[in-house]
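Colleague: Just need the structure, nothing else, for what follows:
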Amino acid sequence: MACSHLSAAFTSLNPPRPSQQVHRDECTLCFDDQDGELGVDVCLTCFNGACPREHSRLHFQKTGHSLVANVKRRRKAKPPVTEEDKKQQPQKLAIAAESEEDMYEWETTPKCLACDADGLGKVLPRTDKLDQVISAMMRSLSSSQQNEVKAWEEEIVPCSHTRELQQQGQPFKLEASGLAKCAKCDLTSNLWLCLTCGNLGCGRAQFGGVGGNSHGLSHFEESGHPVSVKQGTITAEGTADIYCYACNDARIDPNLADHLHHFGINVMSLSKTEKSMTELQLEQNMKFDFTMTGEDGKELEPLYGPGLTGLRNLGNSCYMASILQSLFAFPAFKTRYGDAYRPHTAACENPLPATCLECQTGKLADGLLSGRYAVPRALDETEEKEGVEGPRFQAGIRPSMFKALIGKGHEEFSTMRQQDADEFLKHIVSALQRESKRLSSGGAGATSSAAAAAANNGANHSAGAPTGDPTSIFSFGLQQRLQCTECKRVRYTVEAQDAGLSLPVPLRRKQTTSDAVSFSSKAKQPVEGVHAVPSTTSSSAAALDDGPVEYEPVPLSECLDIFTAPETLSDYHCPQCDRKTAAVKQTLFTSFPDVLAVQVRRFQLVNWVPQKVDVPVLVPLEEDFDLDRYLGKGRQAGEEEMPDTRAEQSGGGAAAGLPEFDAAAMSQLTSMGFHEVRAQKALLATGNTGDAEAAMNWLFAHMEDTDIDDPIQPAGAAAPAGAASGAPDTSMLEEMGFSSAQARKALRVNGGNAEMAVAWLFENPDDPGEEEGAAVAANDNAGESSSGANGSGPSVVGGSSQLPATYRLKSFVSHKGPSVHSGHYVAHIRTPESLFRPKGVNAEGQVKQEGEEEKEAWVFFNDEKVVKAPLSAMKEEKEGESGEGAGEKKDVGVKGLVQLAYVYFFERQGGAPAEDVTMS
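Modeller: Here you go, the predicted model:
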């Protein structure tokens, strides 16, 4: 019997458009994929992917799209690996993807869900029209292929300096003797030829032991000649490593052969004799891994089950995986997204779940916490025949949709490059905060009827789904006390924090007999901050690069002491004295968070390259520690307050109507000498996203503005003639054809980020927007109390000021590699042993007695590999394994790795209730 639904939809069935995403790899609401037993049902109307287990029928119920093509993928048997294959190593910093057709075969089955109300769908006979649509669907790029680069190489392009290079004088022939060593030292490798004058200088010291004294860089600083080519990398095809010192980046010289001919060098006679920069980076990256064996040499025990699901590496995504594993170890994230997952996905009216951040975060929570995917990896036919040595790890879930969505519109996180894990933590906290506000106000992504319903009942459009902000566990306040050293008046300000602290680390090199004298003057200086070591010169950097440098361990308390220590500002304009004086500034806590995230700054500039310094930080592992002594007391009796010139000129309170500013960005800008008002204006002008670099560039471009030092007009105050109001600037979006109401709403729900607002508008073209004043009402409904229409309300700071403020280490993120933008990130998380033991059984394998204390263990999350981590494991380092010498035994267990971690998460003990602290 013919399917009436197919007949009715016959004319509307069309192949996917080139720009349309086809979700055939994986369900958009869970991690069931085309490799599973049931495969994936791809909607033949909108090409959403859904699992036959649950979400395919949910999609049909929401949209009425009944026709699907079930897609199953099966791996082909692998040909036997020869000895020659084993010897081959990649020689480029690229991932040359094997063709899917070589590895897999597919089975597609058209079905109608409406014709089988309770089952997996009625199988339909193949027709020419169905075959046409299904074939086009299978030929098109899947969503994961569009979001990820399957064969990528860092794009290197020409610049104006290489295209317009002017060479000096008449052509001449460089003698071989002039190409033998650096013009300023005796180095004979890592040499760079200036394409302007022919000077030969050594490069910077490279990771992996390649020497360099930066004489090529010093030649550029002296002469201004920007472009150099690395000797030994030039090939007969005209390729080579080109570096532009003016751009501070690798470049392509389209006229390299002509430029070399100027010096009598014929590229056709040259062959490659040195490793290129990409080869050096790849070779070093191949060494960046964490030990997966115990002290006895045996592989660590894989773990499976709820809360123990690994995240597959998508290609430089370990920074994201380590942060996500750490976040979803906290009850606030488990409860918020675990509880909201089913009610939200059932009620969400976004027809494309892959574009809903709440859907994708809930999907991630279900994948990590359900245990459904934390099972041993399935073996292919070849492995079943030949057997597999060692433990079988999980296949892990692929968070590709989440990565594509959370990184959308971001210059760095939208790429496949390695990123800084701490920067990603701040980014995801900000994104989840915006999404929680959107849901609480019935905002973007909801239909107009759903938004109206939300306005009526004050709830999210997904009835019954919690919409609270789980990132509030990171919220706390910092008090900044400023005192003029002459008039002794003080000023107190409170800044809200929501993504942890960044602490300076003292740098004390372990002294030897030979360097005890020369290094003593710098021995107690921190890597960064007010007491930092001065910028390292080329010569001193070379001295430090003579061999591995070891540093004295530093207690975490000392890092906190430095952070909260009084700091003298020598060029401060006191509003009371009305002239330049000195002032003392000190930062303390006004409240403490439920979870304190701490990043330790273990990087310093060596030859203008940020390099990691392995300073051990002594963090309490099993003991609690308290922060009571770091609590600020506010203005004390007898202290006189500085006049607030901004308040006097605007007629408001000290911070009336002003938005909150990122404390780290403000600190960075003011430490560079910019006045507070200028720093605030720069941050506002660049979207108030906390981007200190963008704010600094704005300041340099507006230093001559006549109103640069004028007070900022508070929101809601009467603006003087010609002054900009507190309303967002919608002119750019209106010029693109959007209404002012649409532009206003887009900017509000995206935190003022114009680029993300444009993307939101294209995704929500039918949203009517909001009129002036609606944003304030929406924010009030969402629980914000920063300022009312009159701009007089106080700002709310999270956390609690109750004492004791006792903390215990919950997890830490470690990094191996010379830079935060290369290498590898992993996470260690303290977990109840009951999570990976049979119910009612203790660690000794015996029946757990009533009242027996719950023991904890450390779990090691290394992408998809999840294992129980040893507390201590001494291992002899192999040559180059960590960039240091061989033979030394190091603790590669938790006790050793925790000292060199990059981000720490401390959980508050004792359950102090959170309270609101208002800014004064």
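Colleague: How are the helices of the stretch 601-750 of the chain distributed by residue range?
Modeller: 645-650, 663-671, 676-685, 692-701, 731-735, 740-749 (DSSP state H, counting those that start in this stretch).
Colleague: how about those helices, which one is nearest Phe563?
Modeller: helix 663-671 (10.4 Å; CB to CB). C-beta here means a position set from N, CA and C on the backbone, and glycine is covered the same way.
Colleague: can I assume Val429 sits in a helix?
Modeller: Yes: note on Val429: a helix contains this position according to DSSP: H, G, I helix; E, B strand; the rest coil.
Colleague: Distance-wise, check it relative to Ser475.
Modeller: Between Val429 and Ser475 the computed distance is 10 Å (CB to CB, to the nearest Å).
Colleague: what do you get for Ala901?
Modeller: With CB to CB as the criterion, Ala901 and Ser475 are 23 Å apart.
Colleague: Equivalent analysis for Lys745, please.
Modeller: Counting by CB to CB, the separation of Lys745 from Ser475 is 26 Å.
Colleague: more crowded one of these two?
Modeller: Using other CB atoms under 10 Å, the more surrounded residue of Lys745 and Ser475 is Lys745, with 28 against 23.
Colleague: That one reaches Gly769, doesn't it?
Modeller: Yes: under the criterion of CB atoms under 8 Å, Lys745 makes contact with Gly769 at 4.3 Å.
Colleague: and Leu503, helix, strand or coil?
Modeller: Three-state call for Leu503 (three-state DSSP): strand.
Colleague: Look up phi and psi at Arg635.
Modeller: As for Arg635, its main-chain torsions (degrees, to the nearest 10) stand at phi -70, psi 130.
Colleague: tell me the average confidence for stretch 45-61?
Modeller: Averaging pLDDT along stretch 45-61 yields 95.
Colleague: In that stretch, which residues are buried?
Modeller: 45-53, 55-57, 59-60 (16 or more other CB atoms under 10 Å).
Colleague: Kindly report the same for stretch 612-620.
Modeller: Taking 16+ other CB under 10 Å as the basis for neighbour counts, the residues of stretch 612-620 that come out buried are 612-613, 615-617, 619.
Colleague: So which of those sit within strands?
Modeller: Counted as lying in strands by DSSP state E, out of these, are 612, 617.
Colleague: And the strands in the stretch 251-400 of the chain, which stretches?
Modeller: If you assign secondary structure with DSSP state E, counting those that start in this stretch, the stretch 251-400 of the chain ends up with no strands.
Colleague: picking up where we left off before, I'd like the helices of the stretch 601-750 of the chain written out as CSV, with distance to Arg491 added.
Modeller: Formatted as CSV, the entries for those read as follows, by distance: least, CB to CB, whole Å:
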stretch, distance to Arg491
helix 645-650, 11
helix 663-671, 13
helix 676-685, 10
helix 692-701, 22
helix 731-735, 36
helix 740-749, 31
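Colleague: got those as TSV, with mean pLDDT and distance to Pro575 columns?
Modeller: As requested, the helices of the stretch 601-750 of the chain are arranged in TSV below (pLDDT from 0 to 100; distance: least, CB to CB, whole Å):
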stretch	mean pLDDT	distance to Pro575
helix 645-650	44	5
helix 663-671	71	15
helix 676-685	82	11
helix 692-701	77	21
helix 731-735	72	35
helix 740-749	77	33
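Colleague: To Lys875, which of these lies closest?
Modeller: Distances from Lys875 to each of the helices of the stretch 601-750 of the chain were compared using CB to CB; the minimum, 36.7 Å, belongs to helix 663-671.
Colleague: quick one, phi psi at Lys408?
Modeller: The main-chain torsion angles of Lys408 are listed as degrees, to the nearest 10 and equal phi -60, psi 130.
Colleague: and Glu734, what does it touch?
Modeller: When the contact criterion is CB atoms under 8 Å, 6 or more residues apart in numbering, the partners of Glu734 are 740, 743.
Colleague: hang on, the earlier thing: anything in contact with each of Val429 and Ser475?
Modeller: Taking CB under 8 Å, 6+ apart as the contact criterion, the residues that touch both Val429 and Ser475 are Asp498.
Colleague: Buried ones in stretch 28-40, by neighbour count?
Modeller: Along stretch 28-40, these residues count as buried under the neighbour rule (16+ other CB under 10 Å): 28-36, 38-40.
Colleague: now stretch 890-908
Modeller: Taking 16+ other CB under 10 Å as the basis for neighbour counts, the residues of stretch 890-908 that come out buried are 890-894, 896-908.
Colleague: Then stretch 256-273?
Modeller: For stretch 256-273, the neighbour count (16+ other CB under 10 Å) marks 256-257, 259-260, 262-263, 265, 267, 270 as buried.
Colleague: where does the stretch 551-700 of the chain dip in pLDDT?
Modeller: Using pLDDT under 70 as the threshold, the predicted model of the stretch 551-700 of the chain has low-confidence ranges 603-611, 645-658, 663-664, 667, 671-673, 689.
Colleague: would JSON lines of the buried residues of stretch 256-273 with distance to Leu627 be doable?
Modeller: As requested, these are exported to JSON lines (distance: CB to CB, whole Å):
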{"residue": "Leu256", "distance to Leu627": "58"}
{"residue": "Ala257", "distance to Leu627": "63"}
{"residue": "His259", "distance to Leu627": "60"}
{"residue": "Leu260", "distance to Leu627": "61"}
{"residue": "His262", "distance to Leu627": "64"}
{"residue": "Phe263", "distance to Leu627": "63"}
{"residue": "Ile265", "distance to Leu627": "63"}
{"residue": "Val267", "distance to Leu627": "63"}
{"residue": "Leu270", "distance to Leu627": "62"}
